[in-house]
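*Asks:* dropping a prediction and its sequence here:
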Amino acid sequence: MKKCMFVLLILSLFLTGCWDRRELNELGIALALGIDKVEDEYQVTAQVVVPSEIAMKSSTGRSPVTLFQAKGETVYEALRKLTKNSPRKIYPGHLRMLVIGEDLAEEGIGESLELMSRDWEIRSDFYVVIAKDMTAEEVLNVTTTLEAIPANKMFNTLKASEKAWAATHGVILDELITDLTDEGKEAVLTGILVTGNQEIGTSKQNVESITPEARIVYDQLAVFKKDKLVGWLTERESKGYNGIVNKVQNTVTPISCPEEGKATIEIIQLDSKMKGKINKGKPEVDVNIKVKGNIGEVECQINLTEQKSIVELEKITEKKLEETINMTIESVQKQYESDIFGFGEAIHRSNPKEWKKIKEQWRDEGFSELSANVKVDVKLQHTGTVSNSYLEDVKDK
């Protein structure tokens, strides 16, 4: 017994507590950070949770978040200087959103992300977005409905939108850094902006109305070349981009009926495969897309009980999707000369030796001169709970 006690006593000498342990009431939990460039300094805005206001029993009805802001020569310095007006050290370990101002994005985001990738306290599973036509501070300074904490609203909206619409794209930090450093692919980020009256949007009045005066909404995709923002895709081009890179989970697309009127196709599955090759000494890429969908809405006279009608709609959908994909590729090649699709990666995978020869010129001219062969195959599976639309009966009444 004495021997056992002696052993336990010796082992206890090697046991230590958590040297970096901090109590929750000592920390300011930041769920969103904004980074802007103001003159020659970085401006960091932290959206911090007010613990007493998210606790049901002690809530007083005030805002559940507050903003702290500071400037510094580096992002790290600005983040530490937040303690000059925050009673608690800002803790970014539960970060959900990083918003980067458009002016900073045009200068280059590489340096401002360095701390985010290095700091052991910061997880890398938060979304990164670009404030379009405004600063990150302006985005973070708006109150929101449905989700009381604006950072949660932004996170959940982007997550829902990329699943159901396909014109947005949720990018986390690790994915962004991979795209920024990869030789055969450039980065894209979703844009975010504030619509309506921004002044009222900063007040409690904004969430007291059925229709808020200001809303935080997502826009289209931002195109980068190296680490600099060079332009924006349209909504159609954003959907085309996600189709090419196999990021469409579910979306809808209106099409023209064989004669007149419209139908809407719900895409429930999209599988895109990209293959690079060298043809007669020049790089090419084959993009083959297989789509499964349902007929979601019919505003025309068409007999859906006949197989030939389904085939007609499939061909029309294929043509429209191919036009969207080809238009997106051509637009990016001509306007931005930025390989956001990863065509260079595809050529590298298929022919590493040839890639070594062309990679130095890829950003300047190789991507812009690339030929892309697009093929879309659509299969429509279901017509819904009815076959033909009741609208025919209404018109004939």
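*Replies:* Nice, thanks for sending it over.
*Asks:* in the protein, where is pLDDT below threshold?
*Replies:* Filtered on pLDDT under 70, the chain yields the residue ranges 1-25, 55-60, 390-397.
*Asks:* where exactly do the strands run in it?
*Replies:* Along the chain, the stretches classed as strands by DSSP state E are 27-38, 41-49, 65-72, 89-91, 97-101, 127-131, 188-196, 214-225, 228-232, 251-256, 262-279, 282-299, 371-382.
*Asks:* what's next to the last one, contact-wise?
*Replies:* Outside of strand 371-382, the residues that reach it under the criterion Cβ atoms under 8 Å, 6 or more residues apart in numbering are 265, 268, 279, 282-295, 310, 313-315, 317-318, 321-322, 325-326, 329, 343. For every residue, glycine as well, the C-beta is placed using N, CA and C.
*Asks:* so which residue is dead centre in this structure?
*Replies:* Residue closest to the average C-alpha location in the chain (Cα atoms, centre = their mean): residue 170, at 2.5 Å.
*Asks:* just to check, that one is in contact with residue 125?
*Replies:* No. Counting by Cβ atoms under 8 Å, residue 170 stays clear of residue 125, with 10.5 Å between them.
*Asks:* first-to-last residue distance for stretch 71-83?
*Replies:* Separation of the first and last residues of stretch 71-83 by Cα to Cα, to the nearest Å is 12 Å.
*Asks:* likewise stretch 166-174?
*Replies:* Stretch 166-174 has an end-to-end distance of 21 Å (Cα to Cα).
*Asks:* OK, contacts around residue 116?
*Replies:* For residue 116, the contacting residues are 75, 98, 122, 124, 173, by Cβ under 8 Å, 6+ apart.
*Asks:* same thing but 6 Å
*Replies:* Residue 116 makes contact with 122, 173 under the criterion Cβ atoms under 6 Å, 6 or more residues apart in numbering.
*Asks:* for it, give its distance to residue 381.
*Replies:* Relative to residue 381, residue 116 is positioned 43 Å away (Cβ to Cβ, to the nearest Å).
*Asks:* residue 71 now?
*Replies:* Residue 71 is 56 Å from residue 381, by Cβ to Cβ.
*Asks:* could you do residue 75 as well?
*Replies:* Distance from residue 75 to residue 381, by Cβ to Cβ: 49 Å.
*Asks:* quick one: which of those two has more around it?
*Replies:* Using other Cβ atoms under 10 Å as the criterion, residue 75 and residue 381 rank with residue 75 on top: 20 against 12.
*Asks:* that one and residue 340: what is the separation?
*Replies:* Counting by Cβ to Cβ - residue 75 and residue 340 are separated by 25 Å.
*Asks:* coming back round to it: and the strands of the chain: which comes nearest residue 353?
*Replies:* For these, proximity to residue 353 was assessed by Cβ to Cβ; strand 262-279 is nearest, at 9.4 Å.
*Asks:* then that closest one to PDB, C-alphas only?
*Replies:* Output in PDB follows, covering the C-alpha atoms of strand 262-279 (Å, rounded to 0.1, in the frame of the first residue of the first chain):
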ATOM      1  CA  LYS A 262     -42.400  28.400 -69.700                       C
ATOM      2  CA  ALA A 263     -41.600  25.300 -67.600                       C
ATOM      3  CA  THR A 264     -39.300  25.100 -64.600                       C
ATOM      4  CA  ILE A 265     -36.900  22.200 -64.100                       C
ATOM      5  CA  GLU A 266     -35.700  21.300 -60.700                       C
ATOM      6  CA  ILE A 267     -32.100  20.000 -60.800                       C
ATOM      7  CA  ILE A 268     -31.800  17.400 -58.000                       C
ATOM      8  CA  GLN A 269     -28.400  16.000 -58.900                       C
ATOM      9  CA  LEU A 270     -25.600  17.300 -61.000                       C
ATOM     10  CA  ASP A 271     -22.300  15.400 -61.600                       C
ATOM     11  CA  SER A 272     -19.600  17.300 -63.500                       C
ATOM     12  CA  LYS A 273     -16.400  15.600 -64.600                       C
ATOM     13  CA  MET A 274     -13.500  17.600 -66.000                       C
ATOM     14  CA  LYS A 275     -10.700  16.100 -68.100                       C
ATOM     15  CA  GLY A 276      -7.700  17.900 -69.400                       C
ATOM     16  CA  LYS A 277      -5.700  17.000 -72.500                       C
ATOM     17  CA  ILE A 278      -3.200  18.200 -75.100                       C
ATOM     18  CA  ASN A 279      -4.500  18.200 -78.600                       C
END
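*Asks:* in that strand, which residues are buried?
*Replies:* Across strand 262-279, burial judged by 16 or more other Cβ atoms under 10 Å covers 263, 265, 266, 267, 268, 270, 272, 274, 276, 278.
*Asks:* and for the closest residue to residue 172 other than its chain neighbours, the neighbour number?
*Replies:* Sequence neighbours aside, residue 125 is the residue nearest to residue 172 in space, at 5.4 Å (criterion: Cβ to Cβ, 6 or more residues apart in numbering). For residue 125, the neighbour count with other Cβ under 10 Å is 10.
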